[in-house]
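Student: Below are the sequence and a predicted model; questions follow.
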Amino acid sequence: METKNLHSVAALFDTPEKIINAANKVKDAGYKKFDVNTPYPVHGMDKAMGLGQSKIGWITLFFGFSGAIFIFLFMGWTMAMNYPYVVGGKPFFSFPAFIPITFEVTVLSGSIATIVGMLAVFFNLPSLNDPIQDSDYLKQVSTDKFGILIQAANEKFDKEKVVEFLKSLGASTIEYIYEPEKEEFKILQPKFMVFLALVAILTSGGTYVTLNKLMYVIPFNWMDRQSKSNPQSETTFFHDGFAMRMPVKGTIAKGFMPYPYQGQAQPNEVLSNPTLPTKEILELGQRKFLTFCSPCHGNYADGNSRLRGQFPPGPTLHSDKIIGYSDGMIYNIITNGQNAMPSYAYQIPREQRWAIIDYIRVLQRAQNPKPSDFQAISQLKKESGKNVVN
Amino acid sequence: MNIDYTKELALVEGNPRLADIDELISRPLTQPVTKKYYIALSISGTALLIGVYSLWLTLYYGIGMWGNNVPVGWAFDITNFVFWIGIGHAGTLISAILFLLRQRWRTGIARFAEAMTIFAVMTAGIFPVIHTGRPWLAGYLIPYPNQHLLWPNFISPLLWDVFAVSTYFTVSLLFWYMGLIPDFAILRDRTVSKVKKTIYSVFSLGWRHSNRHWRHYEKVYMILAGLATPLVLSVHTIVSFDFAVSLIPGWHTTIFPPYFVAGAIYSGFAMVMTVLIFVRKIFDMENLITLNHLERMAKVMLLTSSMVAYSYLMEFFIAWYSQVPSEQYDFWARVVGPYRWAWYFMISCNFLIPQLIWFKKIRRSVPILFIISICANIGMWFERFVIIVQSLSRDFLPSSWHMFTPTLVDFGVLTGSFGLFFTLVLLFAKTLPVVSMVETKSVLEGSQPHHYNDDHNGEVGAGHANITAGVGAALNGGKNGN
């Protein structure tokens, strides 16, 4: 072999004392690129090789503190700023309760950073193609010999001299270690492409199966399969087959008020309106009218149904007939329904029914204003300048 | 039996050579599997299958398969969790705290104890996840911006637990793997099989035993030990917060953290002892895991058992001293109430029986130590049972008192947890070096240079045990003939 392929000259020693001595001598002889390989850490070797204190502790310190600060601020942000909610009456920013997790994350980030930093940065591992891999030398120092290795890359390296030198230190064996032959790995070789394709298929397929199938296999029901009956469904549990139950006969609902004209289309006598058309009542009436009545009767009760023929449109409520109806009569229609119009007794509470009627009266008045209304409007116009329309 | 305690005992008996250590420790990895091993594996495997089936029932039908019911919402599940987490504590204690205390005898047992830590934490980790009934929702414990825009509740002890246990597992695993790297390198260089060589090469990361690596390596080992020491203490502290931060009588006490930690070390050492007594017998490692190791572990057990016993008594004192009627009642109910049998189990196994360890004859008798360690395991399980089930079944409102009756599935899951643990232990013993080869070599007599500081030029390599060429007596695994 040629000299340029020589990586290093390695020597084996039998006892820890000899290797310490050898390391000292090699260092004193001025070699910089040498290494000592021992089956276990030998005390005093760092000094013999002229190595200082390991600085790796700084990594631990830095990453430990970074982890601590990050998680502390993160907890403060989530609990007190991003989504604050009261737990057990404690303050949002509960400093003492953040301590345990802060501590754990300090240890976690410190240790992971230290180990990964040591292996990947300090040691440059994994490195399976180091020249001494698989050499007899490494096998021996793995077991029970103590080895020293001087690299050919040293400035004043001379093969014969180094061998002489090592022998004079009491080496039992000398071994030449050669650079491994350079291996080329082409990206476009078929084996690699097949491998890539396989990985792609496996990951995408695996992800698909996991996210779409595996996660919904019994028993992983995401609460969409529950042992309960849905509304309107059948059941075998009850004799009558209905999943929904009827209230016991004679049950009176909370807040129930009997309506004396139940089921009468045109009663002679009706209730009278207990509300006054105050601003609040009218606004309530407007809201409820727009919710419940406007789909069929139109937004202005003019019969311009919003349902566009999907349901028989409600007639206009501006007809003389309705204007002539008493409040109680309209209340009766809302409560009982009339022909195609269903009853709204269950959707709209009593007060709101009256408020709707008050609002209908406002709509009707707006269609047939009195002269006094015009006066009032122009009065308002003068006072506020421009805010009133027309 | 006559030991001179004034001299430091040899850590490894039989004065083996360095190469013998490799041979001895890696022997179980290369030898064909024995009948004994298969029998052990089939037993633990059966237990594991029982557990898997019980777990399946639990997941399929829900945790209604268990005996838990209001007010006893936690029963076997959390009892098992605390029990196994406790078992895990011995490993880190041995590998970290004893390392910092320069207890070099830890070498023989550290690797095994660390492995047991990892397996025990794995076993323990199952329970908090399954006790929710819908383990597939456990992902919400991770603080990531999920679709509900909700974060986990960072001020809940249950979430602290998640962080503590997962940190503990990760750090233990890293620590353990780091110790294994040089041993993987040794195995890589010893093996002749190509498949094995590939596997060992990958795991050894190309380790070269270089001193330029060793110096950082030793430093990192020290740093990790320093980090793991408060960590191991914090884990069971936080587990105890699960109880101490709540208001249930019998739980709401400040003594819990130290009390739990002591109990954890006690039970952990007991479990390590139980397993090691088997391992040293089966794999002929009586020279590496010596009687002295067992004796020292027994002493740690005695110490922690006393601490636990002190806590038992102190709890009663505080209950009386606090003058809180429900607290007083709860402790009284432990002694005379419906769960008194569990309490008696706990007191006798954790306090009375370990008192035998005071006697040197007993400390050095393997069968008796074995029985004591089994008792300690049972006792510590019952301790958690008493704390959890007894306290819950007797809370503030007498009208809600209720007894807990375990179901078959409960027992199945418990059996399965032992099955999982011992299956992992058995697989470990057969696939990885159960004692650190590197560390054992470094504590061998004559393995470190003498007077390396004062005399560099002096006579080298003469005058003491010849570790590379000497005649080893350890290989036969017989009682040492020194």
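Tutor: Sure, I can see it. Residues are numbered from 1 along each chain as shown, chains lettered A, B, ... in the order given.
Student: for the stretch 1-150 of chain A, what are the low-confidence residue spans?
Tutor: Judged by pLDDT under 70, the stretch 1-150 of chain A has its weakly predicted residues at A:1-4.
Student: let's go with 90 and repeat that
Tutor: Residues of the stretch 1-150 of chain A that meet the criterion pLDDT under 90 lie in A:1-8, A:14-22, A:24-35, A:42-55, A:85-90, A:122-136, A:138-145, A:149-150.
Student: hmm, who's touching stretch B:239-259?
Tutor: A:100, B:78, B:81-82, B:85, B:157-158, B:160-161, B:164-165, B:236-237, B:260-261, B:307-308, B:311, B:314-315, B:318, B:324, B:326-327, B:329-331, B:334, B:387-388, B:390-392, B:394-396 (C-beta atoms under 8 Å, 6 or more residues apart in numbering or on different chains). Glycine gets a C-beta too; all of them are placed from N, C-alpha and C.
Student: Return the set of buried residues in it.
Tutor: By neighbour count with 16 or more other C-beta atoms under 10 Å in any protein chain shown, stretch B:239-259 contains the buried residues B:239-245, B:248-253, B:255-259.
Student: to the chain's geometric centre, what's the distance from that stretch?
Tutor: 22 Å (C-alpha atoms, centre = their mean, to the nearest Å).
Student: The one helix or strand residue B:427 maps to packs against which elements?
Tutor: Residue B:427 belongs to helix B:408-431 when assigned by DSSP states H and E. Packed against helix B:408-431, as judged by 3 or more C-beta pairs under 8 Å, 6 or more residues apart in numbering or on different chains; DSSP states H and E, are the following elements: helix B:18-30, helix B:35-61, helix B:76-92, helix B:107-130, helix B:256-282.
Student: Looking at those, which one is packed in the most?
Tutor: Neighbour counts (mean count of other C-beta atoms under 10 Å in any protein chain shown) averaged over each of these peak at helix B:76-92, with a mean of 28.
Student: could you give me the average pLDDT of the helix or strand just after it?
Tutor: Remark: after helix B:76-92, the chain's next helix or strand is helix B:98-100, criterion DSSP H and E. The average pLDDT for helix B:98-100 rounds to 86.
Student: can you list the residues that contact helix B:98-100?
Tutor: For helix B:98-100, the surrounding residues in contact (C-beta under 8 Å, 6+ apart) are B:106, B:110, B:221, B:222, B:225, B:226, B:229.
Student: Kindly report the same for stretch A:354-374.
Tutor: Outside stretch A:354-374, the residues that touch it by C-beta under 8 Å, 6+ apart are A:273-275, A:277, A:281-282, A:284-286, A:288-289, A:292-293, A:300-302, A:317-318, A:322-323, A:327, A:330-331, A:334, A:348.
Student: hmm, back to that, can you turn the buried part of the contacts of stretch B:239-259 into a PyMOL selection?
Tutor: Selection command for PyMOL covering only the buried members of those, criterion 16+ other C-beta under 10 Å:
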select buried, (chain A and resi 100) or (chain B and resi 78+81+82+85+157+160+161+164+165+236+237+260+261+307+308+311+315+318+326+327+329+330+331+334+387+388+390+391+392+394+395+396)
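Student: Pretty sure residue A:147 sits in a strand.
Tutor: Yes - counting by DSSP: H, G, I helix; E, B strand; the rest coil, residue A:147 is found in a strand.
Student: and it, how many neighbours does it have?
Tutor: Using other C-beta atoms under 10 Å in any protein chain shown, residue A:147 is surrounded by 29 other residues.
Student: Contact partners for it?
Tutor: A:10, A:11, A:12, A:13, A:19, A:36, A:37, A:38, A:137, A:140, A:141.
Student: same thing but at 6 Å, please
Tutor: By C-beta atoms under 6 Å, 6 or more residues apart in numbering or on different chains, the contact set of residue A:147 is A:10, A:12, A:37, A:137, A:141.
Student: Over to residue B:177?
Tutor: Residue B:177 sits next to no residue when contact means C-beta under 6 Å, 6+ apart.
Student: Need phi/psi at it.
Tutor: Main-chain dihedrals, residue B:177, degrees, to the nearest 10: phi -60, psi -40.
Student: Distance-wise, check it relative to residue B:160.
Tutor: Between residue B:177 and residue B:160 the distance is 26 Å, computed by C-beta to C-beta, to the nearest Å.
Student: same check, this time on residue B:250
Tutor: With the distance defined as C-beta to C-beta, residue B:250 ends up 21 Å from residue B:160.
Student: next one: residue B:123
Tutor: Counting by C-beta to C-beta, the gap from residue B:123 to residue B:160 is 20 Å.
Student: Could you list the contact residues of the stretch 201-350 of chain B toward chain A?
Tutor: With C-beta under 6 Å from any C-beta of the partner chain as the criterion, the stretch 201-350 of chain B meets chain A at residues B:201, B:205-206, B:208-216, B:218-220, B:223-224, B:227, B:231, B:238.
Student: Now restrict those to buried residues only.
Tutor: Counted by 16+ other C-beta under 10 Å, those give B:201, B:205-206, B:208-216, B:219-220, B:223-224, B:227, B:231, B:238 as buried.
Student: Among these, name the ones in helices.
Tutor: Under the assignment DSSP state H, these contribute B:201, B:211-216, B:219-220, B:223-224, B:227, B:231, B:238 to helices.
Student: Let me have those in CSV, extended by pLDDT and distance to residue A:199.
Tutor: Converted to CSV, these look like this (pLDDT from 0 to 100; distance: C-beta to C-beta, whole Å):
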residue, pLDDT, distance to residue A:199
B:201, 92, 22
B:211, 90, 39
B:212, 90, 36
B:213, 91, 32
B:214, 91, 37
B:215, 90, 39
B:216, 92, 34
B:219, 92, 38
B:220, 93, 33
B:223, 93, 37
B:224, 92, 34
B:227, 92, 36
B:231, 93, 37
B:238, 95, 40
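Student: dump the residue contacts of residue B:264.
Tutor: Neighbouring residues of residue B:264 by C-beta under 6 Å, 6+ apart: B:86, B:89, B:236.
Student: which of the residues you listed lies closest to chain A?
Tutor: Closest approach to chain A among the contacts of residue B:264 (C-beta to the nearest C-beta): residue B:236, at 12.2 Å.
Student: With chain B as the reference, measure out to the residue nearest the centre of chain A.
Tutor: Residue closest to the average C-alpha location in chain A (C-alpha atoms, centre = their mean): residue A:78, at 12.4 Å. Remark: distance between residue A:78 and chain B (C-beta to the nearest C-beta, to the nearest Å) = 4 Å.
Student: Grab the nearest non-local neighbour of that residue.
Tutor: Spatially, and ignoring its direct neighbours in sequence, residue A:78 is nearest to residue B:151 (3.9 Å; C-beta to C-beta, 6 or more residues apart in numbering or on different chains).
Student: Quick check, that neighbour in contact with residue A:80.
Tutor: No - if you go by C-beta atoms under 6 Å, residue B:151 and residue A:80 don't touch, sitting 11.0 Å apart.
Student: between the two, which one's more packed in?
Tutor: residue B:151 (20 against 13).
Student: Would you verify that residue A:275 is located in a strand?
Tutor: No - counting by three-state DSSP, residue A:275 is located in no strand; its state is coil.
Student: which residue sits closest to it, ignoring its sequence neighbours?
Tutor: residue A:354 (4.6 Å).
Student: can you tell me the helix or strand for that neighbour?
Tutor: helix A:350-367.
Student: Now do the buried residues in that helix.
Tutor: Using 16+ other C-beta under 10 Å as the test for burial, helix A:350-367 gives A:352, A:353, A:354, A:355, A:356, A:357, A:358, A:359, A:360, A:361, A:363, A:364.
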